[in-house]
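>>> Quick one: sequence plus predicted model below, questions after.
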Amino acid sequence: MSPASAAETHESATADVPLDGTASRSRPRRSTVVLGVVLSAVVVASGAGFAWMSAQLSDSRSRITDQEQRLQDQQRELDEQREVIERKEQFGAAMADLYATVDPLVGLPYSSLVPWAQIEAIAGRAWQHRWTPSALDRDILDLETLTTDLVVRADAAREQAATNASGSVWEATLDELGGGWVSMGFDESGRPCGLEAMACISGASPFHVEVSAGTRSDGQLTDWMRTGVAYHEFAHVLQFTNPEATASALTAFADDPETMADCYALTVLDGWTLEHEVPIDATSYWEVRLGYGYTCDDGQRQVIRDWLSALGVQKQIVGA
Ligand SMILES: [Zn+2]
């Protein structure tokens with residue numbers, strides 16, 4: 001190390017050592033300036049950082065809101081799907097109830113008793129409504145109404161079969177033939193079925209036989225005759241409630257439902273004829289002709305038998 005170098009070092013040392021405090025206050029040291037600059041930069045940087053953080057927070061909040069909305073949407077979709085699944089299950093249960101109600105009716109000789117076309121239509125609507133719970137509700141209600149109607153009628157038939165409220169041979173015969181499904185009533189208003197007919201059925205009420213009240217005490221009638229006429233009326237019940245099979249069978253009777261109904265009684269009721277003799281006393285009797293004046297032949301009686309074997313409630317698979 002040279003002396004000059006030592007002197008420089010010394011000068012430098014002298015100059016750097018403050019003689020009093022003034023020197024440091026009046027002239028900030030470089031390091032202070034540098035620190036100041038750094039601080040400012042930090043402050044500026046912090047400001048920028050805050051602005052950036054704010055932007056980030058706002059962005060996050062917006063994302064959270066979006067996510068919440070999506071979750072709500074997903075929840076709503078799940079709720080809707082659950083509702084749809086529940087309705088489908090309810091519809092399936094309602095259909096199962098209907099089938100359980102129909103099963104014991106299969107084989108009864110009234111094909112229109114179970115309105116399959118209507119059930120098929122409801123099932124078709126339900127398929128169209130499979131994503132719309134409120135519409136499915138109506139379809140379920142329609143099915144339940146049909147089921148309830150059948151249950152009520154089956155209960156009434158059981159009751160009807162077990163009793164004979166009118167105490168008449170008319171009712172006893174119709175109960176026996178119809179299994180309780182066919183009711184009858186005496187009409188007191190005169191001639192409900194016209195001047196000639198003792199009894200009649202309206203297509204609007206195909207399970208009800210209206211009987212003229214006068215038949216109860218008419219001296220020209222016997223219970224055997226009332227029985228045969230009840231058979232004739234029951235044939236009308238079968239005609240009304242089996243329209244397709246009947247339309248085909250009627251062709252053998254020149255489309256006359258009355259001669260066909262007479263033929264039913266002649267075919268099914270052993271010993272039945274359309275001509276009767278009713279004793280008045282020991283020496284005289286009434287000659288009474290019942291029905292529509294035509295005794296059907298063997299071929300027509302076979303048509304009746306074939307017709308009877310084709311009648312009745314059948315189980316159908318809806319949607320098949
Ligand atoms: Zn008739």
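The structure has been received and is ready for your questions.
>>> Kindly report the residues of the stretch 151-300 of the chain close to the ion.
By the rule CB under 5 Å from the ion, the part of the stretch 151-300 of the chain lying against the ion is 258, 261. From N, CA and C alone the C-beta is placed, and that goes for glycine too.
>>> Now do the strands in the stretch 151-300 of the chain.
183-187, 199-202, 205-212, 275-279, 285-289 (DSSP state E, counting those that start in this stretch).
>>> could those be laid out in CSV, adding mean pLDDT and mean neighbour count?
Shown next, in CSV, are the strands of the stretch 151-300 of the chain (pLDDT from 0 to 100; neighbours: other CB atoms under 10 Å):
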stretch, mean pLDDT, mean neighbour count
strand 183-187, 91, 18
strand 199-202, 92, 18
strand 205-212, 94, 20
strand 275-279, 91, 13
strand 285-289, 90, 12
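>>> so which of those strands comes closest to residue 261?
strand 199-202 (9.8 Å; CB to CB).
>>> Parallel or antiparallel, which strands does that closest one pair with?
strand 205-212 (antiparallel) (DSSP bridges).
>>> Quick one: residues in contact with the partner strand.
With CB atoms under 8 Å, 6 or more residues apart in numbering as the test, strand 205-212 has contacts from 110, 112, 168, 170, 174, 178, 181-187, 190-193, 197-202, 230, 233-234, 236-237, 240-241.
>>> next structured bit after the lengthiest helix in the chain?
Taking DSSP state H as the criterion, the chain has its longest helix at helix 30-102. Using DSSP states H and E, the helix or strand that directly follows helix 30-102 along the chain is helix 116-128.
>>> which other helices and strands contact that following helix?
helix 30-102, helix 133-162 (3 or more CB pairs under 8 Å, 6 or more residues apart in numbering; DSSP states H and E).
>>> Show me which residues of it are buried.
Neighbour-count burial for helix 116-128, with 16 or more other CB atoms under 10 Å as criterion, is recorded at 116, 119, 122, 126.
>>> Next, format those as JSON lines and append distance to residue 100 and pLDDT.
Compiled in JSON lines, the buried residues of helix 116-128 are given as follows (distance: CB to CB, whole Å; pLDDT from 0 to 100):
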{"residue": "116", "distance to residue 100": "16", "pLDDT": "95"}
{"residue": "119", "distance to residue 100": "14", "pLDDT": "96"}
{"residue": "122", "distance to residue 100": "17", "pLDDT": "96"}
{"residue": "126", "distance to residue 100": "18", "pLDDT": "94"}
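>>> and of the residues you listed, the nearest to residue 215?
Among the buried residues of helix 116-128, and counting by CB to CB, the member closest to residue 215 is residue 116, at 36.8 Å.
>>> That closest one and residue 319 touch, don't they?
No. Judged on CB atoms under 8 Å, residue 116 makes no contact with residue 319 at a distance of 11.4 Å.
>>> Give me the residue ranges of the stretch 51-200 of the chain where confidence is low.
For the stretch 51-200 of the chain, the stretches flagged by pLDDT under 70 are 52, 190-192.
>>> mind redoing it with 80?
For the stretch 51-200 of the chain, the stretches flagged by pLDDT under 80 are 51-57, 189-196.
>>> chain center to stretch 120-130: distance?
Centre-to-centre, stretch 120-130 and its host chain are 8 Å apart (CA atoms, centre = their mean, to the nearest Å).
>>> contact partners of that stretch?
84, 88, 91, 95, 135-136, 138-140, 142-143, 146, 316, 318-319.
>>> For those residues, name the two members farthest from one another.
Farthest pair in the contacts of stretch 120-130, by CB to CB: 84 and 316, 26.6 Å.
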